[in-house]
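Undergrad: Below: sequence and its predicted model.
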Amino acid sequence: MKLPCRILGLVIALTCSALASAATSPTPPADPAAANTGTQGTDEANLTDAQRAAEEKSADAAAAAAKQAVDTANPKHLPAFPGAEGFGALATGGRGGEIVHVTNLNDSGDGSFRDAVSKPNRIVVFDVGGIINITKEVTVSSNTTIAGQSAPGDGICIYGNGVSLGGQSNIIVRYVRFRQGIAGNKGSKALGMDKSSNIIIDHCSIEWGRWDDIGMTVGSTTITLQNCIMAEGINPQSFGALIDTVTNISLSHNLWMSNESRNPKAKGTVQYINNVVYNWGITGLCGGHSGANHDLDVIANYFIKGPSSNNQFAGQFLPTDHVFQDGNLVDLDLDGTLNGKPVTEAGFSDKNGSPTFVKAPAMHPAIAVSVDTAQAAYAKIVDGAGCSLHRDSVDVRLIRELTSLGKTGKTLPHTDPTGEALAGGMGEIKSGTLPAGADKNGISDAWEKAHGLNPNDPADATKLNAAGYMNIEDYLNSLAVTAAPKAESAAAAK
């Protein structure tokens, strides 16, 4: 879908600004507010259709060229994987370390997920699919890649007392379900990060958190959360996410759904681009509402009212919240049709107050976030958000409720200790059979042969290729690219 010229201008400005900052420093600037990245656009009223088409084509090409330059001009700008964007996109995870296999669904011990992530410098692959029931929190070590896309069958789910990345850095997580549930500790999260840095979470389903589904707090910095689902927080809060006292956080192309509030609470310096918020309860997107100054870029998101929602799709802002907003849409009519209207500055106000609106985005990661229209972002989220290579019954249900566009869906009341059973519980996640050879070094024999590697040489997996990735990384990235969401998931969502 073509972007309006104003948002196209924003894409190019963000990308070019990122390129300029990347050329002078390997890290994002500490104070990017002085950069001039306004959304100057062409006066569309004075353009013919041919001129407009030519301008859009030229803008698309310029944005693509600038982004490619950011990605490849310097090895330090190699993205975590193709499609990694935002502040956490430069994480290297376990690159250069050993490959460790999860060989069973046990809570602990040899071959368990808990054991696999207990030491740093590892790329973790899964030889099994299914549900890993954990009775106490799992802590992930620094310099780790968790490759959920390697799991056979329907993939993998970590279910129980939550997973923590607290105090750790340089982590890549893809295609994992993190579901806490009512058996988890009260006051904790399905996935938590405090004092954490340089992390990217991609295509994960993060649900049924007892305090919040996900948390980034206590000085966490340089994190991307993209293409994920945060849904159905449960007793005692039923909230989506606490993003508190943080810097350089990118939240893009995510679905925030059926949480009573905090979708998320954004308290720090946060990019909020191309998200969909559906069926909030009390408040959708929440400001920092504190005495300290906060920056929030709210760009091309879609807010869609559901059966549990009031009209407060954004709120809890104070003048200390400095907000740039552009291209956002809101649909409040519950009519089953996607027909939102442009968000105005008044939409961010409530009885608590209003933010201070600024004229340009405040944040510019070295690898810019691609900006779609709000309508295009909605379509991408329906097609692929969450652990979508093999959507299970929980996520199929959530997407079906989203695409009802106001007709179905419910928050799980924070006062009800029944928890996830109110929504039908876990369901089944089936295992499957690994491709031949993948149990040896994480790469299938067929892929190794097709790429000129030796299936009989396990060391091939850890060798770096010309692009700078390990061969195991290229193989894992290929699994994410070639395996589209199952047809039955898309059909069930209609």
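TA: In hand now; what should we look at?

Undergrad: got the contact list for the residue nearest to Arg177 when sequence neighbours are not counted?
TA: Leaving aside its chain neighbours, Arg177 sits nearest to Cys157 (3.8 Å; criterion: Cβ to Cβ, 6 or more residues apart in numbering). C-beta: built from backbone N, CA, C; applies to glycine. By Cβ atoms under 8 Å, 6 or more residues apart in numbering, the contact set of Cys157 is 130-132, 176-179, 387, 392, 426, 429.

Undergrad: CA atoms of the longest strand that the chain contains as PDB?
TA: The single longest strand within the chain, with elements called by DSSP state E, is strand 239-252. Provided in PDB are the C-alpha atoms of strand 239-252 (Å, rounded to 0.1, in the frame of the first residue of the first chain):
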ATOM      1  CA  PHE A 239      -2.300  -4.700  32.000                       C
ATOM      2  CA  GLY A 240      -0.300  -4.900  28.700                       C
ATOM      3  CA  ALA A 241       3.200  -3.400  29.500                       C
ATOM      4  CA  LEU A 242       5.000  -1.200  31.900                       C
ATOM      5  CA  ILE A 243       7.700   0.700  30.000                       C
ATOM      6  CA  ASP A 244       9.200   2.800  32.800                       C
ATOM      7  CA  THR A 245      12.400   4.800  33.300                       C
ATOM      8  CA  VAL A 246      13.900   3.700  30.000                       C
ATOM      9  CA  THR A 247      15.700   5.100  27.000                       C
ATOM     10  CA  ASN A 248      15.700   4.300  23.300                       C
ATOM     11  CA  ILE A 249      12.900   1.800  23.100                       C
ATOM     12  CA  SER A 250      11.300   0.900  19.700                       C
ATOM     13  CA  LEU A 251       7.800  -0.700  19.700                       C
ATOM     14  CA  SER A 252       6.600  -1.400  16.100                       C
END
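
Undergrad: From here on, call the first residue 20.
TA: Sure thing, new numbering starts at 20, so read that last one as strand 258-271.

Undergrad: can you give me the helices in the protein?
TA: 24-43, 68-91, 132-135, 393-403, 412-422, 457-460, 464-469, 490-501, 506-511 (DSSP state H).

Undergrad: What about Asn330? Give its phi and psi, please.
TA: phi -90, psi 0 (degrees, to the nearest 10).

Undergrad: okay, stretch 359-379 in CSV with CA atoms only?
TA: The C-alpha trace of stretch 359-379 is given here as CSV (Å, rounded to 0.1, in the frame of the first residue of the first chain):
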residue,chain,number,x,y,z
GLY,A,359,-11.1,4.8,11.4
LYS,A,360,-10.7,8.6,11.4
PRO,A,361,-7.5,10.6,11.9
VAL,A,362,-6.4,11.0,15.5
THR,A,363,-6.3,14.6,16.7
GLU,A,364,-4.3,16.1,19.6
ALA,A,365,-7.5,16.3,21.6
GLY,A,366,-7.6,12.5,21.6
PHE,A,367,-4.6,12.3,24.0
SER,A,368,-6.4,14.3,26.7
ASP,A,369,-8.4,13.1,29.6
LYS,A,370,-9.3,14.3,33.1
ASN,A,371,-5.6,13.9,34.1
GLY,A,372,-4.4,16.5,31.5
SER,A,373,-2.7,16.7,28.1
PRO,A,374,0.7,16.1,26.7
THR,A,375,3.0,18.7,25.2
PHE,A,376,3.0,18.2,21.4
VAL,A,377,6.2,18.6,19.4
LYS,A,378,6.7,19.1,15.7
ALA,A,379,9.2,16.4,14.9
